[in-house]
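Asks: Structure of the sequence below:
(one chain, ligands or ions: 1)
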Amino acid sequence: MGLCSCHREGTALIPWNVLSVPTDPWPGPWAADFSWNLKLPFLIIEMGTRPTLREVERIPLQASTVDNWSQIQGFEARPDDLLICTYPKSGTTWIQEIVDMIEQQGDVEKCQRTIIQHRHPFLEWARPPQPSGVEKANLMPPPRILRTHLPVQLLPPSFWEVNCKFLYVARNAKDCMVSYYHFQRINQMLPDPGTWEEYFESFTNGKVSWGSWYDHVKGWWELKDKCQMLFLFYEDIKRDPRHEIQKVMQFMGKNLDETVLDTIVEETSFEKMKANPMTNRSTVPRFILDQSTCSFMRKGTVGDWKNHFTVVQNERFDEIYRKKMEGSSIHFCTEL
Ligand SMILES: Nc1ncnc2c1ncn2[C@@H]1O[C@H](COP(=O)(O)OS(=O)(=O)O)[C@@H](OP(=O)(O)O)[C@H]1O
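Replies: Okay, the predicted model is just below:
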């Protein structure tokens with residue numbers, strides 16, 4: 001395993017890896033330390049720069065994840081784990097809420113018990129002194145529901161040994177890129193995306209956190225018949241949520257009646273989740289996620305790429321896509 005340190009741009013007064021910024025706040029002792037929360041914005045302003053990424057096996061990741069890599073790789077999966085796997089901005093939050101609603105048998109109040117980031121430990125998440133994703137998962141009673149954005153080749157090896165369930169959600173590359181661009185603009189914990197034109201290059205070259213969309217999607221797709229995996233598409237959930245939620249229910253071994261299913265469809269709609277403080281990230285401090293110009297729950301549509309891609313960019317993207325996805329049987333819808 002080659003860990004490669006990358007450079008850092010700008011004048012950082014404080015090394016990034018000593019900052020413990022609650023991008024994924026955990027209601028632990030640190031949260032009660034209000035003075036720590038107050039200090040954070042100033043630390044970031046002092047740094048005057050966004051973090052740059054480091055790499056594991058040539059996949060760009062956040063520095064804190066790379067620092068914690070041996071713990072992540074040593075994670076011990078269990079046969080009754082369910083791992084939600086996605087490339088960023090592919091509908092992670094959406095499928096988390098669907099899975100939780102199924103798990104809680106449509107009990108809306110139980111799904112309000114805590115914010116969505118806390119319900120399913122994020123495996124590669126690390127920001128000491130808060131407990132890491134691995135530590136949170138280790139404390140969770142089985143059967144556990146976990147989540148990751150890792151590409152197949154970086155998944156902790158124990159997952160392949162225990163034959164647990166994987167629930168992968170894929171989203172078409174164009175909408176994913178648009179969503180990721182806006183997210184990087186508002187998320188101070190990720191590198192500045194630059195202009196849309198610059199981001200087009202970063203995304204298509206896999207120079208974004210968690211690496212290449214193309215390799216991620218191909219990697220998981222190729223494994224789908226070799227393990228217990230339900231592979232879903234964001235666009236299908238959008239087109240026919242009831243049908244796709246039923247598939248998730250079956251995969252989870254749950255048998256819920258029609259009225260419960262109706263509730264889940266209703267409660268996991270974009271409009272409901274956008275208005276729900278437990279799913280819309282409104283509790284994340286503004287100096288981390290500045291939603292004043294753009295919401296985390298932004299549009300939730302298929303085809304928003306048409307509002308961003310120029311004709312030339314679209315042609316170029318299609319050409320790159322053909323080359324990178326050559327030989328793969330996966331097919332995406334880019335409009336409904
Ligand atoms: N219920 C529902 N219906 C439709 N779309 C939804 C829903 N919930 C989240 N979203 C949209 O998913 C995008 C965020 O993706 P992720 O949750 O994977 O983001 S993250 O990687 O966890 O940061 C982001 O997409 P964009 O709106 O295109 O930016 C969210 O709006």
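Asks: Close to the ligand: what parts of the stretch 51-200 of the chain are there?
Replies: If contacts are counted using C-beta under 6 Å from any ligand atom, the residues of the stretch 51-200 of the chain sitting beside the ligand are 86, 88-94, 175, 179, 182-183. Where C-beta positions appear, they are placed from N, C-alpha and C, glycine not excepted.
Asks: Show me the helices in the stretch 151-300 of the chain, by range?
Replies: For the stretch 151-300 of the chain, helices defined by DSSP state H, counting those that start in this stretch occupy the ranges 158-162, 173-186, 196-204, 213-223, 234-239, 241-251, 258-267, 270-275.
Asks: Name the stretch among those that sits most buried.
Replies: The highest average neighbour count among the helices of the stretch 151-300 of the chain, using mean count of other C-beta atoms under 10 Å, belongs to helix 173-186 at a mean of 23.
Asks: How about the residues of the stretch 201-336 of the chain by the ligand?
Replies: Residues of the stretch 201-336 of the chain found near the ligand (C-beta under 6 Å from any ligand atom) are 268-270, 273, 297-300, 304.
Asks: tell me how far stretch 89-101 is from the chain's mean position?
Replies: Between the centre of stretch 89-101 and the centre of its chain there are 10 Å (C-alpha atoms, centre = their mean, to the nearest Å).
Asks: picking up where we left off before, of the helices of the stretch 151-300 of the chain, which is nearest Arg78?
Replies: With C-beta to C-beta as the measure, helix 158-162 is the member of the helices of the stretch 151-300 of the chain nearest Arg78 (6.1 Å).
Asks: can I get the CA coordinates of the closest one in PDB?
Replies: Backbone C-alpha positions of helix 158-162 (Å, rounded to 0.1, in the frame of the first residue of the first chain) are rendered in PDB as follows:
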ATOM      1  CA  SER A 158     -12.600  -7.800   5.800                       C
ATOM      2  CA  PHE A 159     -15.700  -6.700   3.900                       C
ATOM      3  CA  TRP A 160     -14.800  -9.300   1.200                       C
ATOM      4  CA  GLU A 161     -14.200 -12.000   3.700                       C
ATOM      5  CA  VAL A 162     -17.500 -11.900   5.600                       C
END
